[in-house]
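**Q** Dropping a prediction and its sequence here:
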Amino acid sequence: MDALWLSIKLAACVATILLLIGMPVAYWLAYSNWRGKFLLESIVALPLVLPPTVLGFYALVAMGPHGPLGKLWIAFFGHGLAFTFTGLVLASVLYSFPFAVQPLIASFESVDRKLLDASAVLGAGSLRTFWRVILPLSLPGVVTAIVLSFAHTLGEFGVVLMVGGNLAGVTRTVSIDMYDRVQSLEYGQANRMALVLLMISFAVLSVVYAVNRRVWTPWAAKS
Amino acid sequence: MGGEVITAMLTGQIRKDRRNADAPSFVLDVSLEVSPGITILFGPSGAGKSTLLDCIAGLARPDTGRIVVGSEVLFDSAAGIDLPAQKRRIAYVFQTLALFPHLSAEENVAYGLSALNKSRQRERVGEILSAFHVQDLRKKKPGEISGGEKQRIALARSLVTEPRVLLLDEPLTGLDAKLKSAIVDDLRAWNAAKHIPILYVTHSREEVDALGERVIAIDNGHVVSAGMPMDVLDAPRRKRLAQAAGFENLLEGTVLDLRETDGVMRVRLGKAACELEVPLGFAAAGDRVRVAIRAGDILLANEQPRGLSARNIIEGRIASLEPRGTMVIARVDCGVPFSVHVTPGAVRALELAAGRRVWLVLKTHSCHLVE
């Protein structure tokens, strides 16, 4: 079960980081009028279409001892980035980026612009408008972003294999572990792991759909 | 802030070109002065009313111009001044009201008071909710209250910040007349103490009549007239404005002759033999003109009337009768089509029916020349 805990830890770190960097990026993409915005939108969506191994390959090269990121990391921390948990987190952040940013963009964009105008004429700056109006009204999108980036990271394989390798307790996540077990014909173990992942994924998607169907609306009328 | 009486006037010269692919180009070019008290900004939809309010509030940026409240310049393209909306202290109630759906009435109203401490906030929110008679709704979310209550909350939210100017963009549409006038009374009572300029946008002629305040009429991006409702709206000089102001009959005609000593001229309508005497306008014999007549200003007779002071008696035939609530619209064919408002009682008493011969009676001064 080490592998499962590692995966959950990785997914939690990635979901947290993505929420923090995803919100400003999504805010900008939702509200900017810059004409070249489509370029950034394409970059954000890139991991959706890129094979994970390609992304993992580039990440590995960048993080390696001769790569720009790797060199920088060694200069600061004295050790490399490839085949470490941190490296895995960084690569996964890239890989799951669209899963966090796109639901955020969609929900920010769906906030009625007149509410933002109302906030402005009532004296609120953009930061206050974001915290008091945009974010509370985008809660379903925020939940979706967290859940999807968590779930997507939990099951990733290609990127992890490229960047993290297969070090028990460090980078051997649940999908790598399963692959190992199937290779060594331990189907019983693999089956149990698969079932756990299946259930987690189902639970997680149920949350996403429930929130978006407003089964629980945060500002629902109290009766 | 504080409770001092502000009696600053709002003045603006605003020019804004609106160009985009999906709409025909449109130029807003107005100059206006709004004194303390209610001023109505009247015009058909698409006349530029909302754009004008957005420019004043700082939500849209004029291309050139100057906007001043009292002695403070909010916008001056020449001097490079453009105060952001947050700093203008201009309250704006949108047509959609834009109440925050996730906040209670109380939280909505307190939204603009973040500079005050909690107890001062509570005090001010309590005062304004009482002034607008919605103190019992403080804990309710916008989704839980009625249209009229929402409108009161939206007004309270805007006014609690002690703005220097209040902009109202058709805030009371959809309310019945009684509720509307109750809310306007509350607004008047509030402004009796504060005395700020209030710019009240509407395209409803009824609302203009009900408010009975100074009117600025705007059409196609320009101020077309300003003054008291009677002067502005009863002498429409533009076709669209005329339609918006409830002139159901807009008829094309040719000037036949001018009788300057009588202050009238004769106009032949369309190609028909139908002639009208209308007040003397800026036209010469042979000119094409447009005449606007309210359907409610026309009398209907079922036999040829005699001995009337009214100068226009036109024979026609009823094409159709369309009941509209407490009123019936009679379409009368006199060579040109006329719409006439009659009561259901009159329909019965005169035994009006489609195909019946009737006479229309129009006073000369019920016929308005439209530019």
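**A** Received, thanks.
**Q** Any residues of the stretch 151-300 of chain B in contact with chain A? List them.
**A** B:R157, B:S158, B:T161 (Cβ under 8 Å from any Cβ of the partner chain). For the C-beta atoms, the positions are set from N, CA and C on the backbone; glycine is no exception.
**Q** The helix or strand B:T51 falls within packs against which elements?
**A** Assessed by DSSP states H and E, B:T51 sits inside helix B:49-57. Where contact means 3 or more Cβ pairs under 8 Å, 6 or more residues apart in numbering or on different chains; DSSP states H and E, helix B:49-57 is packed against strand B:10-20, strand B:23-34, strand B:37-42, strand B:64-69, strand B:90-93, strand B:165-169, strand B:197-202.
**Q** Please identify the most buried of those.
**A** Of these, the one with the most neighbours on average (mean count of other Cβ atoms under 10 Å in any protein chain shown) is strand B:90-93, at a mean of 27.
**Q** Tell me how far it lies from the chain's centre.
**A** 18 Å (Cα atoms, centre = their mean, to the nearest Å).
**Q** which parts of the following helix or strand past it are buried?
**A** Next in sequence after strand B:90-93, counting helices and strands by DSSP H and E, comes helix B:105-110. Neighbour-count burial for helix B:105-110, counted by 16 or more other Cβ atoms under 10 Å in any protein chain shown, picks out B:A105, B:E106, B:E107, B:N108, B:V109, B:A110.
**Q** Show me the two of those that sit farthest apart.
**A** B:A105 and B:A110 (9.7 Å; Cβ to Cβ).
**Q** now B:N220: how far from B:G43?
**A** Distance from B:N220 to B:G43, counting by Cβ to Cβ, to the nearest Å: 9 Å.
**Q** what does chain A have sitting close to chain B?
**A** So chain A meets chain B at A:112, A:114-115, A:117-125, A:128, A:132-133, A:136-137, A:218-219, A:221 (Cβ under 8 Å from any Cβ).
**Q** And the residues you listed, which of them are buried?
**A** Buried among the residues of chain A next to chain B (16+ other Cβ under 10 Å): A:114-115, A:117-124, A:128, A:132-133, A:136-137, A:219.
**Q** Helices of the stretch 201-350 of chain B, start to end?
**A** B:205-211, B:229-233, B:239-244, B:344-349 (DSSP state H, counting those that start in this stretch).
**Q** now swap in chain A and tell me
**A** Ranges of helices in chain A, per DSSP state H, are A:2-31, A:37-49, A:52-63, A:68-77, A:85-109, A:113-121, A:126-129, A:135-137, A:139-154, A:158-164, A:174-183, A:187-212.
**Q** Any chance of CSV for these, columns distance to B:I183 and mean pLDDT?
**A** As requested, these are exported to CSV (distance: least, Cβ to Cβ, whole Å; pLDDT from 0 to 100):
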stretch, distance to B:I183, mean pLDDT
helix A:2-31, 34, 92
helix A:37-49, 43, 90
helix A:52-63, 59, 88
helix A:68-77, 63, 86
helix A:85-109, 34, 92
helix A:113-121, 19, 95
helix A:126-129, 28, 94
helix A:135-137, 27, 94
helix A:139-154, 33, 90
helix A:158-164, 60, 84
helix A:174-183, 62, 86
helix A:187-212, 37, 86
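**Q** could you redo those as a markdown table and give each row distance to B:V232?
**A** Shown next, in a markdown table, are those (distance: least, Cβ to Cβ, whole Å):
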| stretch | distance to B:V232 |
| --- | --- |
| helix A:2-31 | 40 |
| helix A:37-49 | 46 |
| helix A:52-63 | 67 |
| helix A:68-77 | 70 |
| helix A:85-109 | 42 |
| helix A:113-121 | 28 |
| helix A:126-129 | 38 |
| helix A:135-137 | 41 |
| helix A:139-154 | 48 |
| helix A:158-164 | 70 |
| helix A:174-183 | 75 |
| helix A:187-212 | 51 |
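**Q** Select, out of those helices, the one closest to B:A330.
**A** helix A:113-121 (42.0 Å).
**Q** Please enumerate residues in contact with stretch B:134-149?
**A** Contacts to stretch B:134-149, defined as Cβ atoms under 8 Å, 6 or more residues apart in numbering or on different chains, come from residues A:219, A:221, B:97, B:99-106, B:108, B:125-126, B:129, B:150, B:152-153, B:156, B:174-175, B:179, B:183.
**Q** ok so, going back, quick one: the helix holding B:T51 to helix A:113-121, angle?
**A** 30 degrees (axes from the mean of the first three to the mean of the last three Cα atoms, to 10 degrees).
**Q** distance between helix B:49-57 and the chain's centre?
**A** 15 Å.
**Q** Same check on stretch A:58-71?
**A** That offset, for stretch A:58-71, works out to 21 Å (Cα atoms, centre = their mean).
**Q** For it, buried residues please.
**A** Result for stretch A:58-71 [16+ other Cβ under 10 Å]: buried residues A:Y58, A:A59, A:L60, A:V61, A:A62, A:M63, A:G64, A:G67, A:L69, A:G70, A:K71.
**Q** Could you do stretch B:193-213 as well?
**A** B:194, B:196-205, B:207-208, B:210-211, B:213.
**Q** and which of those is nearest to A:M193?
**A** B:V201 (64.8 Å).
**Q** which ones are touching the closest one?
**A** B:I40, B:L41, B:F42, B:K49, B:S50, B:L53, B:L167, B:L168, B:D169, B:E170.
**Q** And the pLDDT for the second one?
**A** Same thing as B:L41. pLDDT for B:L41: 92.
**Q** Leaving out sequence neighbours, find the closest residue to it.
**A** B:V201 (4.6 Å; Cβ to Cβ, 6 or more residues apart in numbering or on different chains).
**Q** Correct me if wrong: B:A295 contacts B:E248.
**A** Yes: contact status for B:A295 versus B:E248: in contact at 4.0 Å, counting by Cβ atoms under 8 Å.
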